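# Could you look at this predicted model? Sequence included:
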Amino acid sequence: MARIFITGSADGLGQMAARLLIKDGHEVVLHARNEKRAQDALAGVPGAQQVVTGDLSSIAETRQVAEQVNKLGSFSAVIHNAGIGYQEPRRVATLDDLPQVFAVNSLAPYILTCLINRPQRLIYLSSGLHREGDPSLKDLTWNNRPWNGYRAYADSKLHDLILALAVARKWPQVFSNALEPGWVATKMGGAGAPDSLAEAPKTQVWLATSNSPDALVTGQYFYHQKLRAFHAAAADIDIQEQFLAECVRLSSVAFPA
């Protein structure tokens, strides 16, 4: 039996993954943005062990999420599922004056990775749109370039992959991987999304719990439990180090050795 923490699990793919894990006999701790969403999360996932709350658009609240998780003991896996986007018509600024898409999709997974006690497995949800992300990492906070919600989302999903591969390189004792669930009909994906919704949560569940040699790997990118090619820039060590340095600068959270 594994013990798994899933960010953004009040609905969507996070909720679906939680239900599959509980059905398979694993312990699951949920996450929701606020208390109202927390109650919805528990109601939507019968059998969940607990729920932690915190708005991942806030650096301070993201730190508090990590503190809550650590008080619950050790976890075998963390699934970084929370995400927003991808059609915001303007730059929505957080309390930290960061674009909300970047704060939730890019910076929060970094902060949680650094501050949550290190699990055996880390899983980051990326997207096929990461291939359209900007690997230059210039102006991550969109202070100088004209806002484009689609590109901001694509950038953030590239950041998730960069983070997963950087963690795999720096923490060889941890299985750290990323995946794309497909374009599916969640609230974010929209009703017309063409990929299989039933398949969308399975890869993250598999990476979190399976003892198959195919799942016990690190620094890889998956789609429906199969390896898939990814943006080559994500594997560039200089780009990884640049991204980590920017996250340190913006969050004041150092990456643990």
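Thanks, I have the structure now.
# low-confidence ranges in the stretch 101-250 of the chain?
Scanning the stretch 101-250 of the chain for pLDDT under 70 picks out 183-197.
# try 90 this time
For the stretch 101-250 of the chain, applying pLDDT under 90 flags the ranges 182-200.
# got the residue ranges for the helices in the stretch 1-150 of the chain?
Using DSSP state H, counting those that start in this stretch, the helices assigned to the stretch 1-150 of the chain run over residues 12-23, 35-44, 59-71, 100-102, 108-115, 149-170.
# Could you dump the ones you listed into CSV with distance to residue 90 and mean neighbour count added?
Where C-beta positions appear, they are placed from N, C-alpha and C, glycine not excepted. Output for the helices of the stretch 1-150 of the chain, formatted as CSV (distance: least, Cβ to Cβ, whole Å; neighbours: other Cβ atoms under 10 Å):
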stretch, distance to residue 90, mean neighbour count
helix 12-23, 24, 22
helix 35-44, 24, 16
helix 59-71, 21, 18
helix 100-102, 10, 22
helix 108-115, 21, 24
helix 149-170, 8, 24
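# how about TSV for those helices, with distance to residue 135 added?
Compiled in TSV, those are given as follows (distance: least, Cβ to Cβ, whole Å):
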stretch	distance to residue 135
helix 12-23	26
helix 35-44	34
helix 59-71	24
helix 100-102	15
helix 108-115	17
helix 149-170	7
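# For residue 225, find the nearest of those helices.
Residue 225 sits nearest to helix 12-23 of all the helices of the stretch 1-150 of the chain, at 13.1 Å, using Cβ to Cβ.
# distance between the ends of stretch 208-215?
8 Å (Cα to Cα, to the nearest Å).
# Report the distance from that stretch to the chain centre.
Averaged C-alpha coordinates place stretch 208-215 at 19 Å from its chain's average position (Cα atoms, centre = their mean, to the nearest Å).
# Please point out which parts of it sit buried.
208, 209, 215 (16 or more other Cβ atoms under 10 Å).
# Out of those, the closest to residue 2 would be?
Ranked by distance to residue 2 (Cβ to Cβ), the buried residues of stretch 208-215 are led by residue 209 at 4.8 Å.
# Please report how far residue 169 lies from residue 72.
Residue 169 sits 28 Å away from residue 72, taking Cβ to Cβ, to the nearest Å as the criterion.
# Residue 219 too?
From residue 219 to residue 72 the distance is 28 Å (Cβ to Cβ).
# Could you do residue 38 as well?
Going from residue 38 to residue 72 by Cβ to Cβ gives 14 Å.
# for residue 117, same thing?
For residue 117 relative to residue 72 (Cβ to Cβ), the value is 10 Å.
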